[in-house]
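J.: Okay, predicted coordinates and the sequence, questions at the end:
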Amino acid sequence: MLGVFDDPVFDAMKPAFVAAGLFLVAVSIWPKPSATSRPLMIAASLTFMAHYAFWRATATLPPPSLSLEYAIGLAFLAAESGGMLAAALSLVFLCRSRDRSAEADANADWLAREAGYPPVDVLICSYNEERKILERTIVGALAMDYPNFRVFMLDDSRRDWVRDLCGELGCRYVSRTDNRHAKAGNINHALKLLAALPDPPQFISILDADFVPTPRFLKRAMALFRAPAVGVVQTPQHFINPDPIQINLGATKFWPDEQRYFFDIVMPAKDAWSAAFCCGTSSIIRLEPLLKIGGFPTDSVTEDYLLTLRLKEIGMGTVYLNEPLSFGLAPEGLKEYVTQRSRWCLGFMQIARGRSGPLSLRSSLSWLDRLSLTEVFLNWTAVYVSRAAGLLVPILSLAFDLHPFQASLHEIAVRFLPFWVWNGLTMHWLSRGRVVPVLSDVSQIIVMPQILRAALSGLLRPQGHKFRVTAKGGHRNRGFVEWGVLRPFAVLIGLSILAILSAFYVSGRADAIRYSSPALAWIWYNLIVLAVLCFVCIERPRMRNAERFPSRLLARVKAPGREQLMQLADLSITGARVFGLAPRGVGERIELEWPDCRVPGKIVRVGARDFAVAFEHSLESRVALIRHFYGGDYLKPLGSIRVLRVAGSVLRRIFE
C-alpha cells in the first residue's frame with residue numbers, strides 16, 4: 001500500500017488532490033456562494049492562476065533564438081496569457097452579486113401610491129416573424145397586470161396582415177417606409193411618434209417579437225425606477241424551447257440553455273458593480289434621458305449595450321432584476337445560434353472602436369465601466385484566440401517535431417493541474433452547476449471560427465455592417481448535418497489524427513514521448529471535445545414548435561352526451577395530453593374547459609392510460625389559452641442541474 005503513495009504518478013498528482021480536498025472542505029463550510037465565500041474562493045483561484053502563470057512564463061519557453069519553435073512558443077504564451085487575463089477579470093467581477101427582488105418588493109407600494117403607475121408604452125419590434133409568434137406576443141403584452149400602458153407593434157416589414165392582426169387584438173400599429181438602421185432605426189422612428197403625442201409616455205418597454213411578457217413584468221420591473229438615476233431596468237431572457245446544443249446532445253431535461261450562465265450568474269455580478277447593461281428585449285427605459293441622447297444609438301449592431309454606455313455618459317445607470325418575467329424563442333438551429341453570437345461579437349467590436357470604447361478619450365465613462373468593457377472585449381477576443389491556439393499548437397508540435405511548450409507531464413501535473421481542478425470546481429460552484437468541463441468548451445469552440453472572423457472584421461472595419469436578424473420559429477421535422485459549422489472541426493480532427501500518426505508511426509522519433517507528451521495529452525482532450533462538438537452539428541428533428549410543459553390542471557372534458565372532470569398530463573398552446581380513458585376515438589371532437597379557458601379540440605392519439613388532443617382554435621380561444629399559458633406557472637427555469645445525468649445523455653447521444 002505504501003508503494004502506491006511512493007509512485008511517481010501519485011506524487012505528481014498530490015497537489016491536485018490537495019486542491020480538490022481543500023475545495024471539498026471549503027464547500028462543506030459554504031455550500032452556496034455568499035458575500036463572504038465568493039471573494040475567498042475566487043482569491044484562491046487567482047492565486048493558483050498566478051502560480052501557474054509565473055511558471056508558464058519563466059520555465060516553459062524554448063531557448064531564445066530566431067527559430068520557428070521559439071516564435072510559436074512566444075505566440076502561444078501570449079495567447080494563453082490573454083485568455084488567463086480575461087478569466088482573471090471575469091473572476092474579479094464574480095466576487096460580488098446582487099439580487100434586487102427584495103428591492104422590487106419594498107418599492108411596490110411606492111410604485112402604486114407615490115409614483116401612481118407612470119405611463120409605459122410597450123414597443124414590440126418585428127421583422128418577418130410568422131403570425132403565431134406575433135399573436136402570442138401581442139396577447140401576452142396586452143394581458144399585463146399594469147393599469148397604465150399601451151402596446152405598439154413596430155412592423156419593419158410593412159405587412160398588411162400584421163396591421164389586421166393588431167386591429168383584431170387591440171394593439172396599435174406602426175410601420176415606416178424603409179429599414180434604415182434596422183432595429184435601432186425602427187425604435188427611433190416610433191420614439192418620434194410617441195414624443196409628438198398629446199399624452200407621451202414616461203417610460204418605454206422593448207420586446208422582441210418572440211418574447212412574451214408575463215402579467216407581472218411591468219409591475220416588477222417598474223418598481224426599480226424609484227431612484228431618479230436609474231435609466232434602464234433589464235430583466236433576463238428565458239426560453240420556452242431548448243437551444244440547439246441542448247437538443248442535439250439530448251440534454252434538454254438536465255442541462256440549461258447556454259444563456260442561463262450569462263443571465264443568472266454574470267449579470268447579477270455586473271449589477272453588483274453597477275456595470276449591468278441593457279440587452280434589448282425585456283427591458284424598460286426612462287424616456288426623457290433616452291430622447292436626450294438622441295434615441296437608440298445606430299453606430300453598432302448591438303444598439304442595446306451601447307445605449308447603456310451613452311446613458312451612463314449623462315449619469316443614468318442600468319439595473320438588473322433577475323426574475324423570469326418574459327419568455328421567448330431560442331435559435332431553432334445551430335446556424336442561427338452561431339449567427340446570433342457572431343452578431344453580438346461584431347456589435348461589441350464596433351463599440352470598442354467607437355467613441356464609447358474602453359480606451360476612448362471622448363467618453364466620460366468611469367474607470368470601472370472601462371474595466372468592465374475591457375473584460376467583455378477580452379472575452380470576445382483573447383478567450384477565442386486562446387482556444388484556437390490550444391487546438392492548433394499541439395498539432396504543430398506533434399506533426400513537425402516542434403516543442404514550443406517545454407515541460408514534462410509530471411511538471412504539468414504539479415503546476416497546472418491544481419489550478420485547473422480548483423478553478424473548474426470553483427466555477428461549477430459559482431455557476432450553480434452551469435459550467436461543466438467539455439460541455440462548456442464545446443459551447444465556446446463551436447462558435448469560435450465565426451467569432452474570430454466577426455472580431456477581426458469589426459476591429460478592422462467598424463462601420464458598414466448589416467444587422468443580421470436571428471431567424472425564429474419555423475419547422476425542422478427532419479435531421480441533417482450542419483456542414484458549414486462542422487467542416488473546420490472535421491478538418492481539425494483529421495489533422496490531429498495525422499499529427500499523432502506522424503509523431504509516433506511515421507517519423508519514428510525516439511524522443512517523441514519525452515518531449516511531446518504534453519502535446520499528446522492535450523490533443524487527446526481536444527479530440528474528445530471535437531467529437532462531442534461534431535454530434536452537436538448533427539441537427540435533430542424538432543417535431544413541434546410549441547414545447548409542452550407538465551400540468552396537473554383539472555379540466556372539464558366535454559363530449560357529446562358525456563362530461564367528465566379529468567387531469568391534464570401536459571399542456572402547450574397547440575394541444576394537451578389528458579390522463580384517463582378517451583371519451584371518444586381518434587378524430588372525435590371534444591372541448592376542454594377550466595376556470596379561465598375553454599378550448600375545442602380533436603383527439604389525435606389514444607393510449608392505455610391517456611389521450612392526446614390537438615386544439616382547434618378560434619381567435620377567442622387562442623387569446624384565452626395564451627393568457628393562461630404565460631400567466632400560469634408552466635414556464636419554470638430548470639432547477640437543479642444533474643451533471644451525471646447530463647454526462648449520461650451526452651454519452652447516449654454519442655453511442656446511440
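T.: Perfect, thanks for sending it. The structure presented is a predicted model; accordingly, all values stated were derived computationally and were not measured.
J.: which residue is nearest the centroid of this protein?
T.: When Cα atoms, centre = their mean is applied to the chain, the residue found nearest the centroid is Gln259 (1.7 Å).
J.: Does that residue touch Gln237 like I think?
T.: Yes: under the criterion of Cβ atoms under 8 Å, Gln259 makes contact with Gln237 at 6.2 Å. All C-beta spots, glycine's among them, are computed from the backbone N, C-alpha and C.
J.: so Leu154 sits in a helix?
T.: No: applying DSSP: H, G, I helix; E, B strand; the rest coil, one finds Leu154 to be strand, outside a helix.
J.: Give me the pLDDT value at it.
T.: Here, the pLDDT recorded for Leu154 equals 97.
J.: For Phe152, the count of nearby residues, please.
T.: Neighbours of Phe152 under the rule other Cβ atoms under 10 Å: 20.
J.: my bad, Arg453
T.: Arg453, neighbours per other Cβ under 10 Å, totals 13.
J.: contacting residues around it?
T.: When contacts are counted by Cβ atoms under 8 Å, 6 or more residues apart in numbering, Arg453 touches Ser342.
J.: any chance you could read off phi and psi for it?
T.: phi -70, psi -40 (degrees, to the nearest 10).
J.: From Thr339, how far off is it?
T.: Distance, Arg453 to Thr339, using Cβ to Cβ, to the nearest Å: 12 Å.
J.: In stretch 175-184, which residues are buried?
T.: Using 16 or more other Cβ atoms under 10 Å as the test for burial, stretch 175-184 gives 175-176, 181-184.
J.: does the closest residue to Asp145 other than its chain neighbours belong to a helix or a strand, and which?
T.: Nearest residue to Asp145, sequence neighbours excluded (Cβ to Cβ, 6 or more residues apart in numbering): Pro215, at 4.3 Å. For Pro215, there is no helix or strand it lies in under DSSP states H and E.
J.: was I right about Pro215 contacting Phe629?
T.: No: the criterion here is Cβ under 8 Å, and Pro215 misses it with Phe629 at 11.6 Å.
J.: now for the strand or helix carrying Ala184, which elements pack on it?
T.: For Ala184, the host element (DSSP H and E) is helix 182-195. Judged by 3 or more Cβ pairs under 8 Å, 6 or more residues apart in numbering; DSSP states H and E, helix 182-195 is in contact with strand 120-126, strand 149-155, strand 172-175, strand 203-208, helix 287-292.
J.: Which of those sits closest to Ile493?
T.: strand 203-208 (36.7 Å; Cβ to Cβ).
J.: Following the closest one in sequence, what is the next regular element?
T.: Past strand 203-208, the next helix or strand by DSSP H and E is strand 212-213.
J.: Could you check how far Leu373 is from Gln450?
T.: From Leu373 to Gln450 the distance is 22 Å (Cβ to Cβ).
J.: of those two, who's got more company?
T.: Per other Cβ under 10 Å, whichever of Leu373 and Gln450 has more neighbours is Leu373, with 24 against 21.
J.: Can you say which helix or strand has the more buried one in it?
T.: Residue-wise, Leu373 maps onto helix 367-380 under DSSP H and E.
J.: coming back round to it: and which of the buried residues of stretch 175-184 is nearest to Ile395?
T.: Using Cβ to Cβ, Ala182 comes nearest to Ile395 of the buried residues of stretch 175-184, at 40.0 Å.
J.: doesn't Gly140 make contact with Cys171?
T.: No: with contact defined as Cβ under 8 Å, Cys171 does not count as touching Gly140 (11.1 Å).
J.: These two: which is more packed in?
T.: Higher neighbour count among Cys171 and Gly140: Gly140, with 26 against 23, using other Cβ under 10 Å.
J.: So for Pro215 and Phe629, which sits in the more crowded spot?
T.: Phe629 (23 against 17).
J.: C-terminal to the helix or strand containing Arg260, what's the next element?
T.: Using DSSP H and E, Arg260 maps to helix 259-261. Proceeding N to C from helix 259-261, the next assigned helix or strand is helix 267-272, under DSSP H and E.
J.: Tell me the helices and strands packed up against that next one.
T.: strand 317-320.
J.: by contact count, what packs against the strand it packs on?
T.: Strand 317-320 is packed against strand 230-234, helix 267-272, helix 303-312, with contacts defined by 3+ Cβ pairs under 8 Å, 6+ apart.
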